[in-house]
Structure formats: C-alpha cells, structure tokens
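>>> predicted model and sequence follow; I will ask about them next.
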Amino acid sequence: MDQKLPLSQEVARRQMAALFRIVAREGLHGGISNHFSYALSEDGQTFLINPYGVHFSQMKSSDLLLIDNHAPPDPSAPDIDITALSIHGAMHKAHPASRCLIHLHPHYATALLSLAAPELPPIDQTSARFFNRLSWDIGFDGMGIGDEGHRLARQLGNHRCLMMGNHGILVAAETPALAWDLAFHLERACKNYITALSTGRPLSILTDEVAEKTAQQWEDYDRTTDDQQQHLDAMMAVLDVENPGYVL
C-alpha cells in the first residue's frame, strides 16, 4: 500500500463527518447502522468512529467518538455500538496502515453477497477495477460480536475490499478519500452486474488480460491524478450547498 501522511484529528473529523452525509445522500447507508472509522495512531488503536443513534445524514465532526482500544469504553454505553468496537478494533489492530474503514450494507452488493457462490466478473470498466483485488468471505457467523472482528481481519488479507457474504462490504484504505472512492465504485460495479444478470441474456466478460490491464490503469490514474481526493472534495462541495453543518 502507498504510504500516506496521517490526517490531523481536525481534518479527519471533517472528512469523516462529510463521508457519512455523502453516503446518506447516495442512498448507501443503513440509517443509524453501519460504521466508519479513522485511525489517528500508528498502531491503529486510537481511532474515530461514529456513535450509535445518529443518522448518517445528520453526522457532525463533533459527534465522532475518540476510542482508545488500549482502554476501551464500556460497551453498554448508549452511544457505543458493540459490533463497531469488535469489527473496527480488530481491523485497525491487524491492518494499521489502513487508517480508514468503511463498513456498509449497500443494496446491490448485499444482494450479490446473498447469492450462492457470489462473484463479480469483469463485465465493464468499473467491475474490472476490482479484478483479483477483492477478498471474499463466505463464513458469516453472526453480527460482528466476539471473535468475528478478528476473523474478518484475517479474511481481508492484503486487499482493500472485503466482500462479506450474507452481510455487506468492508473497505480498508489509507485515506477517507480512497475508502469512499472504492466503496462508491464497488457498489456501482455490483449494481451493473446485478442489472446485467436481470436481463437473462449472456454476459460479455472481459478477458483476464484486459481486466488486469484495466485494473492497473485505474491504479496508475489514481496515483498520478489524486482522483480519489478530487472525488471527495467535489462531494464535500455539494454538501456545502445542500447539507452544510457537518463541521461543528
């Protein structure tokens, strides 16, 4: 993974609060469910995470909880989601370089992950971005409590995106911008695939050579243009007009 300088807590709070509202705007959220986090410390054990009970569309930078996993909070506290502590605490510990975690149950990805033997073949430019770059977990073992977070951390391996069978997706990236860009395009890829399947007609699947070439072009383009940060900045500009007030 490319090394990125960590964000200050102020900037991290601003970008993460914006992410919640952006995800709500795009219809990818679960109301007050699902959780995003950003690790402020090098070991991943001090991180920001959303409190339970605040709707994504109303999240503010000051709402985000600062968690010290060396001295974790009381899991019975009303603003603590125990599944968030379990999954994100384990993920940040196992993958400290992946400072930003996005966990969602988006419509099309979750539908895909509810199929027997789910897959995401490269049928277009968007799905080709993820060619050989997804981890697949088909061992769903309940809501991420107890050891489930550690199991999911192992399943992620050296990829950035985990397809959680019968559950949803988890994206682990170095920055909020990259995590958002991956989550957005992953759900779009799943939507395109499910839509193509719904026609009942044969799929036009790219060759492995073309799919890998396309995936590498995505990566090269991202490195040379900082496309993900521009994507996040553009969405934050939309928020500043439509749904401001996330920085409070």
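Happy to help now that I have it.
>>> contacting residues for the residue nearest in space to the middle of the chain?
With distances taken as CA atoms, centre = their mean, the residue of the chain nearest its centroid is I102 (2.8 Å). Contact partners of I102, counting by CB atoms under 8 Å, 6 or more residues apart in numbering, are L19, F36, I169, L170, V171, A173, A179, W180, L182, A183. (Glycine included, C-beta is placed from N, CA and C.)
>>> one more time with 7 Å
Applying CB atoms under 7 Å, 6 or more residues apart in numbering, we find I102 in contact with F36, V171, A179, A183.
>>> what about E10, neighbour count?
Burial measure for E10: 10 neighbouring residues, criterion other CB atoms under 10 Å.
>>> that one and K60, how far apart?
13 Å (CB to CB, to the nearest Å).
>>> how about the secondary structure of the residue of the chain most remote from its centre?
Of all residues in the chain, R201 has its C-alpha farthest from the mean position, at 31.2 Å, by CA atoms, centre = their mean. Of the three states, R201 takes coil under DSSP: H, G, I helix; E, B strand; the rest coil.
>>> buried residues, the longest helix seen in the chain. List them.
Of all segments of type helix in the chain, defined using DSSP state H, the longest is helix 176-198. Neighbour counts over helix 176-198 (16 or more other CB atoms under 10 Å) mark 176-194, 196 as buried.
>>> and for stretch 214-222?
Result for stretch 214-222 [16+ other CB under 10 Å]: buried residues T214, A215, W218, D222.
>>> and for stretch 42-50?
For stretch 42-50, using 16+ other CB under 10 Å, the buried residues are G44, Q45, T46, F47, L48, I49, N50.
>>> turn the residues you listed into TSV, including pLDDT.
Below are those laid out as TSV (pLDDT from 0 to 100):
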residue	pLDDT
G44	96
Q45	94
T46	97
F47	97
L48	98
I49	97
N50	97
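>>> which of those residues sits closest to L115?
L115 lies nearest to N50 out of the buried residues of stretch 42-50, by CB to CB, at 29.4 Å.
>>> so what's the backbone phi/psi at that closest one?
For N50, the backbone dihedrals are phi -70, psi 140 (criterion: degrees, to the nearest 10).
>>> use 764 as the first number from now on
Done: numbering now begins at 764, and the last item shifts to N813.
>>> ok, it - contacts?
N813 is in contact with F783, H798, F799, M822, D826, L827, counting by CB under 7 Å, 6+ apart.
>>> what do you get for G816?
Applying CB under 7 Å, 6+ apart to G816 gives the contacts I795, D842.
>>> distance of it relative to D989?
The gap separating G816 from D989 is 35 Å, by CB to CB.
>>> ok so, going back, let me know the secondary structure of the residue nearest to the centre of the chain.
Going by three-state DSSP: I865 is strand.
>>> what bridges to it?
F799, V934 (DSSP bridges).
>>> just the helices from this protein, written as ranges.
772-788, 845-857, 870-875, 888-891, 911-919, 939-961, 971-988, 990-1005.
>>> wait, which of these is closest to L897?
helix 939-961 (8.2 Å).
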